[in-house]
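# what's the 3D shape of this:
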Amino acid sequence: MARYIGPKSKIARKFNDPIFGPDKYFEKKNYPPGQHGTNKRRRKQSEYGIQLQEKQKAKYTYGMLERQFRNVFKKASRKKGITGENLLKLIEARLDNVVYRLGISPTRSGARQLVSHRHITVNGSIVNIPSYTLKEGDIVGVRERSKSLLAINDSLSSNRKTYSWLEWDEEKMLGKFLNYPPREEIPENINEQLIVELYSK
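Residues are numbered from 1 along each chain as shown. Now for the predicted structure:
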């Protein structure tokens, strides 16, 4: 499975946003990477450049490749409602993202690894496809043999955030995907309208 495994701080600095979570290097060097990073006279971005950057930012944030991202966009554009919001809702319903949101893993890349290594179940069956799209009411759990894994327990015992569209049973290590999240409750700093404009050209 192809994925980005390069330097994460550099990407966060490129977008001027700690998209991979808290990062001490980003805090120390909060300017774009490269030899002209601190230069105030950087060339003004075109409209296309701004839209492209927003799409790249969303792809890196959720750990998706171009083909996956474009396919989700096509699916979002066929659904009723606002295409940009539909796009983010569908991405939030991906299994790797829900595992991350439930707190089973502290990062999306870690969540992807847990899924592909067969530690996660959906409705009682093992699913090892990180891009698997959940439906409302689906139950996401930790496989019985994996409940003692230190990485999972450490992540669950740290400060977990709660979301209105997800429910978590600590004793059974089961989470429920209640519904697609409303846009205002998705915490990611992404301007989805710019992505829609880019793909609509």
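# show me the residue at the heart of the protein, geometrically.
With distances taken as CA atoms, centre = their mean, Tyr62 lies nearest the centre of the chain, 2.9 Å away.
# look up the closest residue to that one, ignoring the ones flanking it.
Spatially, and ignoring its direct neighbours in sequence, Tyr62 is nearest to Ile91 (5.3 Å; CB to CB, 6 or more residues apart in numbering). All C-beta spots, glycine's among them, are computed from the backbone N, C-alpha and C.
# how many residues are close by Glu185?
By other CB atoms under 10 Å, the residues close to Glu185 number 10.
# ok, it touching Trp165?
Yes: at 7.2 Å, Glu185 counts as touching Trp165 under the criterion of CB atoms under 8 Å.
# pull the distance from the longest helix along the chain to the chain's centre.
Across the chain, the longest stretch assigned as helix under DSSP state H is helix 47-62. Per CA atoms, centre = their mean, to the nearest Å, the displacement of helix 47-62 from the mean C-alpha position of its chain is 14 Å.
# same thing with stretch 166-182?
17 Å.
# residues of that stretch that come out buried?
For stretch 166-182, burial by neighbour count (16 or more other CB atoms under 10 Å) applies to 166, 168, 173-177, 180-181.
# other residues contacting it?
Contacts with stretch 166-182, where a contact means CB atoms under 8 Å, 6 or more residues apart in numbering, come from 89-90, 92-93, 98, 101-104, 134-142, 147, 156, 160, 162-165.
# try it again at 6 Å.
89, 92, 98, 101-102, 134, 136, 138-142, 147, 165 (CB atoms under 6 Å, 6 or more residues apart in numbering).
# roughly how far apart are the closest residue to Glu92 other than its chain neighbours and Asn86?
Counting by CB to CB, 6+ apart, Glu92 lies nearest to Pro181, which is 5.3 Å off, once chain neighbours are set aside. Going from Pro181 to Asn86 by CB to CB, to the nearest Å gives 12 Å.
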